[in-house]
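Participant: What follows is a protein structure lacking sequence information:
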Ligand SMILES: O=C[C@H](O)[C@H](O)COP(=O)(O)O
């Protein structure tokens, strides 16, 4: 239990390409202080990385995060690139992973409560930093209800993917 009474449970990946690294690093700091977050796993890129690593294209970031969630190494990921679109496309290639690009509060909420998305993506070239930080804070507070009416809709995807 934390002082605020919340139980930290979530293991959250943070990742970005070079176009999203500044937001990734700031949100990572916030998540490390969040009472709901038990662990923050930074998959890069980082400015201190070798030049080749720093310019790692967004598909690698999205696929790595998606595979880690698929393999049970993390519960969620928040990923940044220029628009948020590329990392979302990449993460969605991993069977069983659902990623959404969202830059507004309602979409962030519904990405979890309607779509049970494990991955939220945002674009550093699209949204202001303070809004991105707020949305990330809201996002960790949502939990999908498997008893909700939305669950049956998601089963269509699970059946299609076979997982
Ligand atoms: O979706 C892609 C991202 O926005 C990426 O950071 C930038 O990609 P680009 O350089 O191809 O525009």
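Facilitator: Nice, I can see it. Since the model is a prediction, treat every value here as computed from it, not as a measurement. Numbers count the residues shown, from 1 in each chain.
Participant: For the closest residue to residue 82 other than its chain neighbours, give me its contacts.
Facilitator: Among residues not flanking residue 82 along the chain, residue 19 sits closest, at 3.8 Å (C-beta to C-beta, 6 or more residues apart in numbering). The C-beta positions use only the backbone N, C-alpha and C, and glycine is treated the same way. Residues counted as contacts of residue 19 (C-beta atoms under 8 Å, 6 or more residues apart in numbering) are 58, 80-82, 124-125.
Participant: Same check on residue 62?
Facilitator: 15, 79, 86-93, 99, 119, 121.
Participant: Which strand or helix spans it?
Facilitator: Assessed by DSSP states H and E, residue 62 sits inside helix 58-70.
Participant: quick one: buried residues of that helix?
Facilitator: 58-66, 68-70 (16 or more other C-beta atoms under 10 Å).
Participant: Over to the residue nearest to residue 82. Which of the three states is it?
Facilitator: Here residue 19 is coil, with the state taken from DSSP: H, G, I helix; E, B strand; the rest coil.
Participant: what about it, distance to residue 86?
Facilitator: 9 Å (C-beta to C-beta, to the nearest Å).
Participant: bridging residues for the spatially most central residue of the chain?
Facilitator: The residue lying closest to the centre of the chain (C-alpha atoms, centre = their mean) is residue 78, at 2.3 Å. Beta bridges link residue 78 to residue 14, residue 120 when assigned by DSSP bridges.
Participant: Give the other helices and strands that the helix or strand bottoming out on mean pLDDT in the chain contacts.
Facilitator: Each helix and strand of the chain was given a mean pLDDT (mean pLDDT, DSSP states H and E); the minimum falls on helix 51-54 at a mean of 78. Contacts defined by 3 or more C-beta pairs under 8 Å, 6 or more residues apart in numbering; DSSP states H and E place helix 51-54 against no helix or strand at all.
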